[in-house]
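Participant: requesting a structural model of the entry that follows:
(one chain, ligands or ions: 2)
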Amino acid sequence: MKFVRLLEQAGFPACCSPDREVEALCYDSRKAASDNAFVALCGTVSDGHAFVQSAYDNGCRAFVVQRPVTLPSDADIVQVPDTRAALASLSACLFEHPATRIKTIGITGTKGKTSVAHLIRHMLDETGHKAGLIGTTGIRFGDVVRKTVNTTPESYELQRALSDMEKADCQYACVEVSSQGLMTHRVDGLPFEIGIFTNLSPDHIGPGEHSSFEEYMGWKAQLFRRCRIGILNRDDAHFADMAKDSTCVIRTFGMNDQADYWADDVQLLREPGFLGVGFTCHTPADSFPVRLPQPGRFSVYNALAAIGAGCELGIPLSQIATVLAGAVIPGRIQLIPALPYCTIVVDYAHNELSLRSILTTLREYHPRRLICLFGSVGGRTQLRRQTLAHAAAQLADFSILTSDNPDFEDPVAILEDIEQGMSAAKGHFISIPDRGDAIRYAVDMAKPGDMILLAGKGHEDYQLIRGERIPFCERDVVEEAARQRLSRESSGKS
Ligand SMILES: CC(=O)N[C@H]1[C@@H](OP(=O)(O)OP(=O)(O)OC[C@H]2O[C@@H](n3ccc(=O)[nH]c3=O)[C@H](O)[C@@H]2O)O[C@H](CO)[C@@H](O)[C@@H]1O[C@H](C)C(=O)N[C@@H](C)C(=O)N[C@H](CCC(=O)O)C(=O)O
Ligand SMILES: Nc1ncnc2c1ncn2[C@@H]1O[C@H](COP(=O)(O)OP(=O)(O)OP(=O)(O)O)[C@@H](O)[C@H]1O
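Facilitator: Ligands and ions are numbered 1, 2, ... in the order given. Sure, this is the predicted structure:
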């Protein structure tokens with residue numbers, strides 16, 4: 001595409017050579033190629049403007065900047081007020097505004113974004129409406145799964161993903177919308193058909209993220225100025241703040257009849273090979289029973305959000321309950337039915353808030369013992385490790401401390417930080433640095449009625465060790481350990 005045309009379409013002054021062609025946009029000089037336009041982004045670690053020469057050396061001749069830069073005279077340099085906003089509008093134009101043809105459903109909130117996105121995608125796919133998904137578990141459509149760095153990818157990746165989904169005949173895209181995504185213009189220009197608010201609590205506040213809870217909340221609330229219909233959790237303490245300056249039609253969900261989509265008769269269900277929850281769902285049109293294969297009251301909220309979206313999109317009520325009963329959310333309180341007499345669950349909980357939440361949820365199912373296996377990622381604060389330890393010490397009967405994604409940190413040093421927290425909180429624990437060994441230990445120690453939580457890795461199929469993603473699938477390790485245990489038991493060896 002002619003650079004001049006792209007600039008015009010995005011509403012920028014077209015001061016460049018009339019024949020300059022660009023095929024793609026690039027914001028990382030290390031990946032720049034001759035047919036790219038390089039967009040210089042101001043980051044938290046470095047400033048893309050410092051790398052324009054390196055992009056030039058890699059062949060780029062088209063540049064979008066927000067402050068003057070010096071480059072050889074054959075470079076076309078376009079200065080805009082904000083390069084992040086420009087990246088979003090240029091990307092939308094380059095991919096011919098796919099979001100005007102695919103209906104996008106944006107999900108925001110502190111917890112539940114991934115879960116709700118998967119539930120809605122599953123519901124749409126299973127009722128004959130092809131849908132894609134963009135979020136923490138990657139970019140997914142059809143059988144395609146692409147890893148992403150961020151929950152909400154950079155605008156260029158987002159627009160490209162939507163364009164690929166359109167080519168794959170998707171009619172819908174479920175997009176996890178983080179506060180950072182809104183703040184850094186990643187979702188600028190997306191006309192969301194539906195926006196969903198799950199819940200809000202303090203998170204992502206600190207250097208490089210948000211300066212305060214109010215700022216964090218303010219960015220999340222932006223979604224409801226960018227969607228046609230907003231579906232909000234009425235029971236959340238910040239519901240009114242989120243709805244306050246909205247410009248959309250407001251629908252609500254919750255646990256009482258003030259909400260449009262609401263639940264009662266909630267029952268926790270634990271059966272061999274099944275852990276979940278049942279409830280009666282009430283919608284403006286009808287009421288019906290729902291049985292979900294995800295446990296806990298928060299799963300009811302996630303399902304209500306999905307049901308609200310399904311109803312607003314016109315999916316028949318008669319199909320909604322049936323398809324929800326078969327929904328699987330990768331790595332979110334996902335049951336591994338490997339041992340018949342105890343419950344093994346994988347969950348992405350990797351900070352204090354989510355570890356407390358999942359352990360409290362599992363406790364409500366009255367396990368004989370609740371065993372929590374967890375570690376903590378490298379490069380984070382001692383405080384994070386100690387608060388994780390406090391949560392486990394208070395809420396689990398026994399903890400198995402192990403490694404998570406140590407990356408460049410010594411896994412044993414990370415364990416020592418967690419051990420300190422455990423000892424201070426008088427928790428019962430054992431440390432087994434190798435995660436595979438730790439899982440095998442957990443499977444071997446389980447007694448009938450126990451529940452084992454493998455926390456931290458969720459959907460991830462690797463361990464990050466010294467900058468490298470080493471393949472590691474918890475499910476495979478559990479299944480193999482359980483097979484060996486069952487085989488020993490059947491041959492009378494244990
Ligand atoms: C702190 C933060 O927001 N970081 C994001 C940011 O990176 P950065 O600001 O550190 O970038 P930088 O390293 O300073 O570089 C600035 C620019 O120079 C470029 N560069 C850099 C080096 C070089 O040699 N050449 C070059 O061109 C970089 O490509 C970049 O364009 O821009 C990158 C590209 O878009 C993001 O991937 C990255 O997200 C990191 C991984 C991150 O952790 N972000 C968090 C805060 C985040 O966004 N989280 C939310 C989830 C929140 C939730 O769950 O609610 C998310 O949506 O993921
Ligand atoms: N509605 C909810 N309320 C509270 N906790 C939840 C809710 N839904 C899921 N969780 C818990 O939080 C964890 C993360 O859930 P999920 O990945 O769906 O949220 P998210 O908003 O995408 O989170 P993150 O920002 O950490 O990626 C789950 O593994 C589960 O333990």
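
Participant: dihedrals phi and psi, the residue nearest to Pro471 when sequence neighbours are not counted?
Facilitator: Spatially, and ignoring its direct neighbours in sequence, Pro471 is nearest to Tyr462 (5.6 Å; CB to CB, 6 or more residues apart in numbering). For the C-beta atoms, the positions are set from N, CA and C on the backbone; glycine is no exception. In this entry, Tyr462 is assigned phi and psi values of phi -150, psi 170 (degrees, to the nearest 10).

Participant: which elements pack onto the worst-scoring helix or strand of the chain on mean pLDDT?
Facilitator: The weakest-scoring helix or strand in the chain, judged by mean pLDDT, DSSP states H and E, is helix 213-221 (a mean of 84). Counting contacts by 3 or more CB pairs under 8 Å, 6 or more residues apart in numbering; DSSP states H and E, helix 213-221 packs against helix 179-183, helix 239-243.

Participant: need these in CSV with distance to Gly427, mean pLDDT and mean neighbour count, can you?
Facilitator: Shown next, in CSV, are the helices and strands packed on helix 213-221 (distance: least, CB to CB, whole Å; pLDDT from 0 to 100; neighbours: other CB atoms under 10 Å):
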stretch, distance to Gly427, mean pLDDT, mean neighbour count
helix 179-183, 33, 94, 22
helix 239-243, 35, 96, 17
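
Participant: between those, which one is closest to ligand 2.
Facilitator: Across the helices and strands packed on helix 213-221, ligand 2 has its closest neighbour in helix 179-183 (9.9 Å, CB to the nearest ligand atom).

Participant: any part of the closest one near ligand 1?
Facilitator: Yes: residues of helix 179-183 contacting ligand 1 under CB under 6 Å from any ligand atom: 179-181.

Participant: need the contact list for the most centrally placed residue in the chain.
Facilitator: Per CA atoms, centre = their mean, the C-alpha nearest to the average position across the chain is that of Thr136, at 3.2 Å. By CB atoms under 8 Å, 6 or more residues apart in numbering, the contact set of Thr136 is 113-114, 148, 151, 176, 348, 459.

Participant: list phi and psi for Glu23.
Facilitator: According to degrees, to the nearest 10, Glu23 has phi -100, psi -20.

Participant: how many other residues sit next to it?
Facilitator: 11 (other CB atoms under 10 Å).

Participant: now do the one 4 residues further on
Facilitator: The tally of other residues near Tyr27 (other CB under 10 Å) stands at 23.

Participant: my read is that it contacts Pro153, right?
Facilitator: No: Tyr27 is beyond contact range of Pro153, at 11.8 Å (criterion: CB atoms under 8 Å).

Participant: ok so, going back, which pLDDT value goes with the residue nearest to Pro471?
Facilitator: Note on Tyr462: pLDDT of 93.

Participant: about what we covered before: for the contacts of Thr136, work out which two are farthest apart.
Facilitator: Thr148 and Tyr348 (14.8 Å; CB to CB).
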